[in-house]
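# Below: sequence and its predicted model.
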Amino acid sequence: MDAAAADAADADAAAPPSLLTRMEVDVSSGVLILLTAFVLFIGAYYAGHVFKRLSLPAITAYFLVGLLLGPHSFNMVNRDSLEWLKLMDGTCLCMIGLCAGTEVSFQELAPHLSIVWVYTLAITAGTWLLVTPVVHFFVAPNVPFLVDMAKQANGPSRVWAITSLIGTLMVARSPASALAVLRDTDGRGPFCTTTLAVVVVKDVVTVLMYSLNLEYVHFVFGENATVTLYTLLAPFVHVMWSGILGLLGGLALATGPMAPSVPAPALPTTPSIKRASGILLMTYARGRHNVIRLSSGAARPAMIAAVAGILYFVAKNTGGEPLLTCLVAGMVIANPLPTPVRTCVSSMRRVLRMQRESTGLMTSNIMAHHGESDNEAEARRAETHRHFALLMPVVNVVFFSLAGTYIRPRDLLGSTAHASIIFATRMFALVGSTAVAAIVLTRGFPESTNAGGGYLVATSGYAWMAYVTQAGVAMGLIKLAVNAFPSWGGEFAALSTAVVVANQVIGPLLFKHAIVRSGESHAGLLHVDKSATPASGSSSGDESAAPDGVTVTA
């Protein structure tokens, strides 16, 4: 009897837990993970306030709190918690991409197109061409994980791929931090306008380059790294697919949560007009009205975050690059809808007009706001910025504190000397590339100088200071590599993050100095007499001298 009872007890112990038991364990562990994440985010938030009082960047505090509470330090947020929080982390990454994309306004770029592209190409090429070989020949031989990697099969190609990834990462800039400095100094003028445009366009180019570079890293780390037609085309296919996803996501946001208000159409009242086409049109219009009504007010930022999470999930699971996808989506939101979409809208209007004339269906309100003018696109962009102003403080706390949890403190401290070399090389590249860009513009594009670009020569000695800061986009790119290559991603992140943190601490101070020196600061404590500064291109400091592009109110 005792033996039978013992066998039954052993069988019960060996049996898998019931579904209810597993659900209870999952719920309890989920609640515990949410509580630890809440403590992490609250601690990071208040640490950011302390850093702000010390005139230090808040996101550095977020990162350090994550570093201390992560699995490599006090282990309050362990590896299992990070697995649970990956979707939240990815959603924040996509929110950063959306926010950066909304800064790309083709209307504002048009008057400064030659200047923007020359500066963008010069800084991008100069930084990558200088940083990549310096990292490969002077830094990589002293970095343990790169030394070990060089001894493996296909090692030299892998090291070149990673050093190229670092070189591409050093091209990145932070549009959000640039806007913050412009607000602090009330920067208005041609130098500020050009700087912001170059920063935005350069980040688009950087994300595109990084995505292609990451695909190349996937190739050289593959089991069968042979060159075929597929391996040559796959990176471009993935980038194109990311762009298509971003276009669809941007259209969904532009015509849904970001669309202007649409009056609710009246339902058909007589049986004669209850035809299939009329019912379909009414269903479409009423459904769209309900989506817009739901996405108004406080619910709209939540809907934007939900769409960002969906874009991350879809891009991640279909071979796309989430950051590039959301960057494209943000660009769609910030600009008038593309011509094919306008053509479809016009066709729908004609069909609706014919339907109304033939059936008497009152559809005048259904498509009343489907037209897309430049003013409506600008209004939508301003509305989007207002919502991102509410979302981004929360996004920054979550994203940068979680970013810190992936870093080993010993790796970060051990990367200080190597990061200093990369930091100095990047600075030298920025100084040289901006000087070359100014020379090319003044000699090769004299029309840009004649059309109000005389400030290029005056600011050429310190224009590089405007492009030092790195923050959200750079950290987002680092996280992509960490998630894609966990075996060496931590060491790569430690080395890259050390450089990003240094750039993020020093960069805003340099940018403020450049704005004040250019005479384009209108803030009370930083005001410089513009009549004494030829770089301003104006003899008065009134608002009429401010060009289109930067609209920062005093």
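Happy to help now that I have it.
# Could you use CA atoms for every contact and neighbour count after this?
Noted.
# elements contacting the helix or strand encompassing Leu98?
Leu98 belongs to helix 86-101 when assigned by DSSP states H and E. When contacts are defined as 3 or more C-alpha pairs under 8 Å, 6 or more residues apart in numbering; DSSP states H and E, helix 86-101 packs onto helix 190-220, helix 299-317, helix 322-334, helix 374-405, helix 472-484.
# Of those helices, which is nearest Ala153?
Distance to Ala153, taken as C-alpha to C-alpha, is lowest for helix 190-220 among the helices and strands packed on helix 86-101, at 10.2 Å.
# before we move on, back to that, which residues outside the helix holding Leu98 are in contact with it?
When contacts are defined by C-alpha atoms under 8 Å, 6 or more residues apart in numbering, helix 86-101 is touched by residues 175-176, 200, 204, 305, 308-309, 311-313, 322-331, 334, 385, 388, 392, 395-396, 398-399, 402, 472-473, 476.
# and if you look at stretch 482-499?
145, 166, 406-408, 411-412, 415-416, 418-420, 422-423, 475, 478-479, 481.
# for stretch 193-206, same thing?
Residues from elsewhere that reach stretch 193-206 (C-alpha under 8 Å, 6+ apart): 100-101, 103-104, 108-109, 112, 115-117, 119-120, 124, 168-169, 171-175, 178-179, 327, 466-467, 473, 547-550.
# and it, how far out from the chain's middle?
Stretch 193-206 sits 13 Å away from the centroid of its parent chain (C-alpha atoms, centre = their mean, to the nearest Å).
# Could you do stretch 400-412 as well?
Distance of stretch 400-412 from the chain centroid (C-alpha atoms, centre = their mean) equals 20 Å.
# Going by neighbour count, which residues of it are buried?
Applying a neighbour-count criterion of 16 or more other C-alpha atoms under 10 Å, one finds 400-409, 411-412 buried in stretch 400-412.
# swap in stretch 69-88?
Neighbour-count burial for stretch 69-88 [16+ other C-alpha under 10 Å]: 69-73, 76-78, 81-82, 85, 88.
# And for stretch 420-432?
Neighbour-count burial for stretch 420-432 [16+ other C-alpha under 10 Å]: 421-423, 425-432.
# Closest one to Val135 out of the residues you listed, please.
The shortest approach to Val135 among these belongs to Ile422, at 6.9 Å (C-alpha to C-alpha).
# before we move on, back to that, buried subset of the contacts of stretch 193-206?
100-101, 103-104, 108-109, 112, 115-117, 119-120, 124, 168-169, 171-175, 178-179, 327, 466-467, 473, 547, 549-550.
# Tell me which helix or strand the nearest residue to Leu402 once chain neighbours are set aside sits in.
Nearest residue to Leu402, sequence neighbours excluded (C-alpha to C-alpha, 6 or more residues apart in numbering): Gly66, at 5.8 Å. Using DSSP H and E, Gly66 sits within helix 58-69.
# quick one: average confidence on that helix?
Across helix 58-69, pLDDT averages out at 86.
# Average pLDDT for the very next helix or strand once past that helix, rounded please.
Remark: after helix 58-69, the chain's next helix or strand is helix 79-84, criterion DSSP H and E. For helix 79-84, the mean pLDDT works out to 82.
# For helix 79-84, name the packing helices and strands.
Applying 3+ C-alpha pairs under 8 Å, 6+ apart, we find helix 79-84 packed against helix 19-53.
# Could you give the separation of the helix it packs on from the chain centroid?
Helix 19-53 sits 25 Å away from the centroid of its parent chain (C-alpha atoms, centre = their mean).
# Mind listing what's buried along it?
33-34, 36-37, 40-45, 47-49, 51.
# Let me have those in a markdown table, extended by pLDDT and distance to Arg443.
Formatted as a markdown table, the buried residues of helix 19-53 follow (pLDDT from 0 to 100; distance: C-alpha to C-alpha, whole Å):
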| residue | pLDDT | distance to Arg443 |
| --- | --- | --- |
| Ile33 | 81 | 60 |
| Leu34 | 83 | 59 |
| Thr36 | 87 | 59 |
| Ala37 | 87 | 56 |
| Leu40 | 91 | 54 |
| Phe41 | 92 | 52 |
| Ile42 | 93 | 54 |
| Gly43 | 92 | 53 |
| Ala44 | 91 | 50 |
| Tyr45 | 92 | 49 |
| Ala47 | 91 | 49 |
| Gly48 | 88 | 46 |
| His49 | 89 | 48 |
| Phe51 | 85 | 45 |
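# Looking at the buried residues of stretch 420-432, which are in helices?
The helices, defined by DSSP state H, take in 421-423, 425-432 from the buried residues of stretch 420-432.
# nearest to Ser55, of the residues you listed?
Ser55 lies nearest to Phe423 out of those, by C-alpha to C-alpha, at 21.6 Å.
# residues touching the closest one, list them.
Shown in contact with Phe423 (C-alpha under 8 Å, 6+ apart): 499, 502-503.
# Neighbour-wise, give me the winner out of these.
Highest neighbour count within the contacts of Phe423: Val499, with 23 neighbours (other C-alpha atoms under 10 Å).
# Same list, the buried residues of stretch 69-88, but as a markdown table with distance to Gly243 please.
Output for the buried residues of stretch 69-88, formatted as a markdown table (distance: C-alpha to C-alpha, whole Å):
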| residue | distance to Gly243 |
| --- | --- |
| Leu69 | 36 |
| Gly70 | 34 |
| Pro71 | 35 |
| His72 | 36 |
| Ser73 | 39 |
| Met76 | 38 |
| Val77 | 34 |
| Asn78 | 35 |
| Ser81 | 31 |
| Leu82 | 28 |
| Leu85 | 26 |
| Met88 | 22 |
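# These: which two are farthest apart?
Maximum pairwise distance in the buried residues of stretch 69-88, criterion C-alpha to C-alpha, is 21.8 Å, between Ser73 and Met88.
# can you give me the strands for the stretch 101-250 of the chain?
For the stretch 101-250 of the chain, applying DSSP state E, counting those that start in this stretch gives no strands.
# Can you pull the poorly scored residue ranges out of it?
Scanning the stretch 101-250 of the chain for pLDDT under 70 picks out 223-232.
# circling back: next, format the ones in helices among the buried residues of stretch 420-432 as CSV and append pLDDT and distance to Met95.
Shown next, in CSV, are these (pLDDT from 0 to 100; distance: C-alpha to C-alpha, whole Å):
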residue, pLDDT, distance to Met95
Ile421, 94, 32
Ile422, 94, 28
Phe423, 94, 27
Thr425, 95, 31
Arg426, 95, 27
Met427, 95, 29
Phe428, 95, 32
Ala429, 94, 30
Leu430, 94, 28
Val431, 93, 31
Gly432, 93, 33
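# May I ask which helix or strand encompasses Val457?
Assigning secondary structure by DSSP H and E places Val457 in helix 455-459.
# what's that helix packed up against?
Applying 3+ C-alpha pairs under 8 Å, 6+ apart, one finds that helix 455-459 contacts helix 190-220, helix 416-444.
# Okay, angle between the longest one and helix 322-334 too, please.
If I follow you right, that is helix 190-220. Using axes from the mean of the first three to the mean of the last three C-alpha atoms, to 10 degrees, the inter-axis angle of helix 190-220 relative to helix 322-334 is 140 degrees.
# Helix 190-220 versus helix 472-484: what angle between them?
Angle, helix 190-220 to helix 472-484, by the same axes, to 10 degrees: 10 degrees.
# Now for the residue lying closest to Val217 once chain neighbours are set aside: which residues touch it?
Ranked by C-alpha to C-alpha, 6+ apart and with sequence neighbours excluded, the top spatial neighbour of Val217 is Ala161, at 5.6 Å. By C-alpha under 8 Å, 6+ apart, the contact set of Ala161 is 213, 216-217, 220.
# From Val205, how far out is the residue nearest to Phe313 when sequence neighbours are not counted?
Computed as C-alpha to C-alpha, 6+ apart, the closest residue to Phe313 that is not its neighbour in sequence is Leu87, at 7.7 Å. Taking C-alpha to C-alpha, to the nearest Å as the measure, Leu87 falls 26 Å from Val205.
# same thing with Thr497?
Here Thr497 is placed at a distance of 21 Å from Val205 (C-alpha to C-alpha).
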